[in-house]
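**Q** Build me a structure from this.
(chains A and B)
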There are 2 protein chains.
Amino acid sequence: MAKNNKKMVAAITSMEEDFAQWYTDIVKKAELIEYTSVKGCMVIRPYGYAIWENIQRILDGMFKDTGHENVCMPMFIPESLLQKEKDHVEGFAPEVAWVTHGGSEKLEDRLCVRPTSETLFCEHYSNIVHSYRDLPKLYNQWVSVVRWEKTTRPFLRSREFLWQEGHTIHATAQEAIEETERMLNVYTDFCQNVLAMPVVQGRKTDSDKFAGAEATYAIEALMHDGKALQAGTSHYFGDGFARAFDIQYTDKENKLQYPHQTSWGVTTRLIGAIIMTHGDDNGLVLPPAVAPVQAVIIPIAQHKEGVLDKASELFETLKSAGIRVKMDDSDNSPGWKFAEYEMKGVPIRVEIGPKDIENNQCVLVTRHNGEKTVVSLDELASAVEAKLKEVRDGMYEKALKNREEHTYTCETMDEIIKTLEEKGDGFVKALWCGDEACEDEVKEKTGVGSRCMPLEQGNIAGKCVCCGKPAKAMVYWGKAY
Amino acid sequence: MAKNNKKMVAAITSMEEDFAQWYTDIVKKAELIEYTSVKGCMVIRPYGYAIWENIQRILDGMFKDTGHENVCMPMFIPESLLQKEKDHVEGFAPEVAWVTHGGSEKLEDRLCVRPTSETLFCEHYSNIVHSYRDLPKLYNQWVSVVRWEKTTRPFLRSREFLWQEGHTIHATAQEAIEETERMLNVYTDFCQNVLAMPVVQGRKTDSDKFAGAEATYAIEALMHDGKALQAGTSHYFGDGFARAFDIQYTDKENKLQYPHQTSWGVTTRLIGAIIMTHGDDNGLVLPPAVAPVQAVIIPIAQHKEGVLDKASELFETLKSAGIRVKMDDSDNSPGWKFAEYEMKGVPIRVEIGPKDIENNQCVLVTRHNGEKTVVSLDELASAVEAKLKEVRDGMYEKALKNREEHTYTCETMDEIIKTLEEKGDGFVKALWCGDEACEDEVKEKTGVGSRCMPLEQGNIAGKCVCCGKPAKAMVYWGKAY
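**A** Next up, the predicted model:
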């Protein structure tokens, strides 16, 4: 590799040396974000935002295919409205931003900037839902929300973040439960097939439920440093919010009934998950489906006659095939360009030089494993398309292998402690009696908290890892982002 | 028409009787918005939001085709940052919402919720622009902003509204001026060709400039009641913001220079403009390009054998052709359905009944003029596609005719007053000396303010309509939303 290349690579901290610094280096050097004078908030730069736009486009299609419609609620919630559901306000009030003045006028009822919008959707549903004919309403919105976090990190935890929040309302509990499961499956499908990121589907323990929910389901992914990251959540509310907000409908027998609700969301945190699932010491590694640039063409010895013309031709070929392609004919060295697009995680590099042109071929290099393939120029578009699929599969297998290597089954607290010491952080599978005191004790003594009770429980005949009483559930434990 | 139909139509106030009430009736009955307990803010409902999504998708494509990239800035601006550009803070500070507390903590530097984001973009540019190689940056964001308006109306003036704000920075004044003009042209193209809404391109007088701009350009449209609506703006900033925010770059000769900036935006107000340009006493009339449903299929005598099957077949035919189509096979009467989709402004109604099926035909009815066309079922998709183009053209011609009928050229103040009295509100074209005192006097005495100095000035040899001194510009005057 060229000198410039080494220079750039040296500028990133290695993952092994300091994972947190490695992460920060990537978000900055891949130009995903920039800091601002607004504490705890960030600018999402064009390259980072283009990833989010791809996530949005694909997920939004999945939501619409499952019958959902987009709406837009106000960004403010009057304090009096936020207070209507007791658990909900207790969960969120301590971490909201308060608007107290509009212009020079002091507000009578101060407004919080939405931390989540259950209360606004409930108020709206109380206005528009009257009869069983009005149900279900399957709504979603793409907005930003604000939570006044003390310590923040780009994408993972910031005071403002972008997300989508689905809010649905149904005639029966059964329908609402099915919706909760449906959206957990949509998220799982999206993470695994689009982001090439394996996830564990599970239910949260009561201590970790969403404020106001009857049940919270989540998908949990394992990051490269062995820490868990909650990648999406889906909540079943029962009729608790409906009762608090007085939402009722007349059923077919003309009787008044309370409807049942759900909410579900994923956030820009998914970009953090992509970085920490797939990234390496050369930078970002992007799943093809959300990569702003799927293939970059790098002309070699571009001053030689015919090279730039041929490179432009390949650019047009790939562009016409619907591939997001870029050609870099700047006067930087090929080595510098290699390092630059490795840093930016572009899935495929296409190298084309005088020798290649002579042989009517070019070289494809895949970012996630560095493999080189020589392909005929006559089959370039189909070769790149096939390679993009292979890349997704390869990235998924690699991430799954990593997760499997860092998932440990333990039967005692001592075993948990010893395993984590020996093998490093990861998911710990251990049985639990269902008692919150045991959950707390596991966390206190071993450092790993409950992440979720996986939907695939397997055989749970056995004893609680903490108290030794008969187990009620198998739990994934881990350190969490 | 059926009884139900009459009943629904009667529920809308007529335009002639009370234009403001007619407008409010439409936004509610076409299910575009719903009010909330957040004063001055609204819920944009699925049908309204789908119009906005279409506007976004088309405009975003036009921005990207002209080289722009999307980013996302924080929603908050620290007070100290807002104050950096003197004119800008004077213009906006009186109408912003202030966040004074985060959680239980009182903020040292309070934050305003962005009313517009020049200050944040400037701060960001000061961090990332250093050399001529870093220029231009052509950025845009799709977000909501907040301005603490005293009186509000759905879409036209609300405390929170959705918009896009483009913010660009260039090496030279010339490039920035070209960008300002380019985006004014993009907006004009969009309004006229996509929304079928004729607009006048012009420059604002100094008293009406954006706070901090050297020049503000706008497109002005004439609503059905003869009032003007500013549909989009494009501002040229010179290097004023760069100086205030200390943004400098080194040019090719290694000298420090101040770059030049622009900003430009359109908002959900465009939905208000669509309503008041095209709507009628039967409700909304939507331009085909942004209509959530472009064609609605209404089976006639749907209990008769074969009708619903044939209607479903037509639905599939139109859907496959990429037309946004809906079939309504509910048990409401055809008359009720006619009125419902007229209210919702669906551009084309497709009627299919037993007689039609016998003759292998159906009836297309266009919303904007009520015309009926019989078409062969074998050519349905191409007939509907052609008709959608005709509809756009017809809507544009109709709106243009209305504007021309309500555009008056006047030479004296008395003539303005008399013309408006006789012919009703509209655009008044009259010459102006360029003096702010005259501008104020015209408004005070005639009720119409300066809307813009059109780019097509024509012959301006003549006298100021107010003071009689030699004119410097032709001005469009009008009452404004």
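**Q** residue in the stretch 351-481 of chain A nearest to chain B?
**A** residue A:481 (20.7 Å; Cβ to the nearest Cβ). Heads up, the C-betas are built off the backbone N, CA and C, glycines and all.
**Q** ok now do that residue, which residues does it touch?
**A** A:156, A:157, A:223, A:227, A:228, A:229, A:230, A:272 (Cβ atoms under 8 Å, 6 or more residues apart in numbering or on different chains).
**Q** Kindly present those residues as JSON lines, with separate columns for distance to chain B.
**A** Formatted as JSON lines, the contacts of residue A:481 follow (distance: Cβ to the nearest Cβ, whole Å):
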{"residue": "A:156", "distance to chain B": "16"}
{"residue": "A:157", "distance to chain B": "14"}
{"residue": "A:223", "distance to chain B": "24"}
{"residue": "A:227", "distance to chain B": "25"}
{"residue": "A:228", "distance to chain B": "26"}
{"residue": "A:229", "distance to chain B": "21"}
{"residue": "A:230", "distance to chain B": "22"}
{"residue": "A:272", "distance to chain B": "15"}
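**Q** from these, which is closest to residue B:144?
**A** Sorting the contacts of residue A:481 by distance to residue B:144 puts residue A:157 at the head of the list, at 22.8 Å, by Cβ to Cβ.
**Q** Next one, pLDDT for the closest residue to chain B within the stretch 151-300 of chain A please.
**A** Closest residue of the stretch 151-300 of chain A to chain B, Cβ to the nearest Cβ: residue A:160 (5.7 Å). Model confidence at residue A:160, given as pLDDT, is 97.
**Q** Hmm, it is touching residue A:41, no?
**A** Yes - at 4.9 Å, residue A:160 counts as touching residue A:41 under the criterion of Cβ atoms under 8 Å.
**Q** Overlap in contacts, those two.
**A** B:74, B:75, B:76.
**Q** mind listing which of those are in strands?
**A** residue B:76 (DSSP state E).
**Q** Tell me who's in contact with residue A:469.
**A** Contacts of residue A:469 (Cβ under 8 Å, 6+ apart): A:433, A:435, A:463.
**Q** Rounded mean pLDDT for the lengthiest helix in chain A, please.
**A** Criterion DSSP state H: the longest helix present in chain A is helix A:380-405. The pLDDT scores in helix A:380-405 average 98.
**Q** chain center to it: distance?
**A** The chain centroid and the centroid of helix A:380-405 are separated by 19 Å, computed with Cα atoms, centre = their mean, to the nearest Å.
**Q** Next secondary structure element downstream of that helix?
**A** Of the helices and strands lying after helix A:380-405 in sequence (DSSP states H and E), the nearest is strand A:407-409.
**Q** List the neighbouring strands of that following strand plus their orientation.
**A** strand A:427-432 (parallel) (DSSP bridges).
**Q** Pull out the buried residues from the partner strand.
**A** The neighbour-count check on strand A:427-432 (16 or more other Cβ atoms under 10 Å in any protein chain shown) flags A:427, A:428, A:429, A:430, A:431, A:432 as buried.
**Q** One more: stretch A:405-412?
**A** A:406, A:407, A:408, A:410.
**Q** Check stretch A:12-27 too.
**A** Buried, per 16+ other Cβ under 10 Å, within stretch A:12-27: A:12, A:13, A:15, A:19, A:22, A:23, A:24, A:25, A:26, A:27.
**Q** So which of those is the closest to chain B?
**A** For those, the minimum distance to chain B (Cβ to the nearest Cβ) is 14.1 Å, reached by residue A:27.
**Q** three-state assignment of the closest one?
**A** helix (DSSP: H, G, I helix; E, B strand; the rest coil).
**Q** Okay, strands next: where are they in the stretch 251-400 of chain A?
**A** A:256-257, A:260-267, A:295-299, A:325-327, A:348-352, A:361-366, A:372-376 (DSSP state E, counting those that start in this stretch).
**Q** What lies in contact with the third one?
**A** By Cβ under 8 Å, 6+ apart, the residues outside strand A:295-299 that reach it are A:307-308, A:310-311, A:314-315, A:318, A:323-329, A:334, A:337-338, A:341, A:346-353, A:384, A:388.
**Q** repeat for the fifth one
**A** Counting contacts by Cβ under 8 Å, 6+ apart, the residues outside strand A:348-352 that touch it are A:288, A:294-300, A:307, A:310-311, A:314, A:318, A:334, A:338, A:341, A:362-367, A:380, A:384, A:387-388, A:391.
**Q** Hmm, residue A:207 and residue A:439 touching each other?
**A** Yes - with contact defined as Cβ under 8 Å, residue A:439 counts as touching residue A:207 (6.2 Å).
**Q** overlap in contacts of those two?
**A** residue A:450.
**Q** Just want to know which of those two has more residues nearby.
**A** Remark: of residue A:439 and residue A:207, residue A:439 carries more neighbours, 22 against 11, as counted by other Cβ atoms under 10 Å in any protein chain shown.
**Q** and the more buried one, what does it touch?
**A** By Cβ under 8 Å, 6+ apart, the neighbours of residue A:439 are A:205, A:207, A:432, A:449, A:450, A:466.
**Q** quick one: pLDDT of the third one?
**A** Per-residue confidence (pLDDT) for residue A:432: 98.
**Q** list the contacts for it?
**A** A:438-439, A:442, A:450, A:453, A:464-466, A:471-475.
**Q** ok, now the first one?
**A** Taking Cβ under 8 Å, 6+ apart as the criterion, residue A:205 is in contact with A:436, A:439, A:450, A:452, A:453, A:475.
**Q** Now do the same contact list for the last one.
**A** Which is residue A:475. A:205, A:429, A:430, A:431, A:432, A:450, A:451, A:452, A:453.
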